[in-house]
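> Model the following, please.
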Amino acid sequence: QVHLVESGGGLVQAGGSLRLSCAASGDTFRSYNMGWFRQAPGKEREFVAAISRNIGTTYYADSVKGRFTISRDDAKITVSLQMNNLKPEDTAVYYCARSRVFFSGYADEDSYDYYGQGTQVTVSS
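Prediction:
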């Protein structure tokens with residue numbers, strides 16, 4: 001059984017930083033692409049960032065490019081999201097997700113088969 005557990009969320013002022021982590025268990029972590037999604041109140045869940053298996057190619061939503069950095073540590077079986085220069089519009093529940101293959105694209109939810117329970121990020125103005 002696969003478990004993805006996010007941590008690191010919290011309340012921060014605009015311009016501040018947070019680092020989210022996702023601890024994984026279950027199947028071989030290094031065999032999977034990993035991603036982060038977020039969902040703000042009243043909105044659809046949206047893609048934030050992804051990192052491929054093996055080479056570690058990274059992908060970002062335009063809204064976070066240059067501010068967020070995704071990374072993975074296969075030895076520690078974790079994926080992280082460093083978020084800098086946070087804005088109030090970044091407020092959302094952030095979800096870690098696992099993908100065996102980006103068969104419908106790295107930003108498509110359908111490419112991911114497991115999601116964590118989420119961690120709340122709140123950015124005050």
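> Any regions of the chain where pLDDT drops low?
26-27 (pLDDT under 70).
> which stretches of this protein form strands?
For the chain, strands defined by DSSP state E occupy the ranges 3-7, 10-13, 18-25, 33-39, 46-51, 58-60, 68-73, 78-83, 92-99, 114-115, 119-124.
> Of all those strands, which one is nearest D108?
Closest approach to D108 among the strands of the chain (C-beta to C-beta): strand 46-51, 7.7 Å. Every C-beta, even on glycine, is put in place using the N, C-alpha and C of the backbone.
> Of all residues in this protein, which one is nearest the centre?
Closest to where the C-alpha atoms of the chain average out (C-alpha atoms, centre = their mean) is W36, at 2.0 Å.
> Could you find the closest non-adjacent residue to that residue?
V48 (4.3 Å; C-beta to C-beta, 6 or more residues apart in numbering).
> do G56 as well
Once flanking residues are discounted, G56 sits nearest to R72: 6.5 Å by C-beta to C-beta, 6+ apart.
> Residues in a beta bridge with the one you found, which ones?
V79 (DSSP bridges).
> sorry, back to before: next up, the contacts around the residue nearest to the centre of the chain.
W36 makes contact with 20, 22, 48-50, 70, 79, 81, 94-97, according to C-beta atoms under 8 Å, 6 or more residues apart in numbering.
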